[in-house]
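Fold the following.
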Amino acid sequence: MFRFANPQYLWLLLAVPVLIALYWLAARNRRRRLARFGHPGILEELMPEVSTGRIAFKFILFCGAVTLVVLAAARPQFGSKLREEKARGIEMMLTVDVSNSMLAEDFQPNRLERTKYAIGKLFEGLQQDRVGLVVFAGEPKVQLPITSDYRMARAFARRIDPSLVSVQGTAIGKALEQALLSFSGETEQSHGRVIILITDGENHDDDAIAVAERAAQMGVKIFTIGIGTPEGAPIQIGGEFIKDENGEMVVSKLGEEMLAKIADITGGVYVRSSKQSIGLEEVVKAINEMEQTELSMVRFEEFNEQYQYLLIAALVLLLLEFVVLDRRNPLLAHLNIFREK
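As a prediction, the model looks like this:
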């Protein structure tokens, strides 16, 4: 398999034909200027050391060196190695509430934006753990399967939005079920699997406690984070506050009791978010104290770099361009490698 690691540098190759055009224009202007002083044949006899062939040859060497340097900058790579790494860590599924109630502004700018920021910071600090992402409202959706690619995980975390789920509501039980099904099949030890549930705790549609009991039987711990305040805050969408059928403003309040019970059933920890911290730091600290499991990570990487050969060839051409004189050397006139009279 052949590829360029930095293909954007290949655009610089367009400079080579520009250099050729400038050289041709300069040579034509030079011939015109010389023609003012006499016939070209007579001028050649008057300037026996001048060699247009040598100048052209030096220019070709220079253009070749420039081309090779540009190709080297694009980092051509050939072949790849399939490498398997063994590491110890945790598989964690982040299960994030994206219902409309997460738009309440008791956290600035709102609950969901604060959650996305905290998740991004979490992914920046991970090293060997694997992460996945489930978003949910009235139904769950796997936003990111289990992966060790933290750059991709941060990109997916930035895209979290209520529009990802078409059905509104807050079905925590369904979300936990989806998270349980989303762990990879490579870790048989269930003690190395955790679910981090981030929600305001307003469960509407199912029995989340039953799912938590099943997770406990499987050995999966659920850590819950309640984001919001007991006093609550109104929900604003598109500049308008949501109202109920009676015309009263809907206020979303933090429901802690169920979240604490889910964590207690599975041996996890419940943390209430504060203005200073969402609570992920406390949860991760507790997770790091858990027994880790062996993770098998397979990566396609380690392409064989080829740029060094191009740089060596470019250096050789530049040395030749420096050594070759632009005038004839009387001592070497008998060689006449440029086929000049």
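
Tell me the secondary structure at Leu94.
strand (DSSP: H, G, I helix; E, B strand; the rest coil).

What is the burial count for it?
27 (other C-beta atoms under 10 Å). C-betas here are computed from N, CA, C, even on glycine.

for Leu318, same thing?
By other C-beta under 10 Å, neighbour count at Leu318 equals 17.

chain center to the helix or strand containing it: distance?
Element membership for Leu318, per DSSP states H and E: helix 307-323. The chain centroid and the centroid of helix 307-323 are separated by 35 Å under C-alpha atoms, centre = their mean, to the nearest Å.

Pull out the buried residues from it.
Neighbour-count burial for helix 307-323 flags Tyr307, Leu310, Ala313, Ala314, Leu317, Leu318, Glu321 (criterion: 16 or more other C-beta atoms under 10 Å).

for stretch 151-165, same thing?
Buried, per 16+ other C-beta under 10 Å, within stretch 151-165: Ala153, Arg154, Phe156, Ala157, Ile160, Pro162, Val165.

Just confirm Glu245 is within a strand.
No - read with three-state DSSP, Glu245 is coil and lies in no strand.

for it, phi and psi?
With angles defined as degrees, to the nearest 10, Glu245 shows backbone torsions of phi -70, psi -20.

hmm, back to that, of all the buried residues of stretch 151-165, which comes closest to Glu139?
Nearest to Glu139 among the buried residues of stretch 151-165, counting by C-beta to C-beta, is Val165 at 6.1 Å.

so who does that closest one touch?
Residues in contact with Val165 (C-beta atoms under 8 Å, 6 or more residues apart in numbering) are Val98, Ser99, Val135, Phe136, Ala137, Gly138, Glu139, Pro140, Lys141.

can you pull the contacts of the fourth one?
Contacts were defined as C-beta under 8 Å, 6+ apart; by that measure Phe136 touches Thr95, Val96, Asp97, Val98, Ser99, Val165, Thr170, Ala171, Ile172, Lys174, Ala175, Gln178.

Show me the beta-bridge partners of it.
Here Phe136 sits in beta bridges with Asp97, Pro140, going by DSSP bridges.

any idea how far it is from Val323?
71 Å (C-beta to C-beta, to the nearest Å).

same question, Tyr23
Using C-beta to C-beta, Tyr23 is found at 20 Å from Val323.
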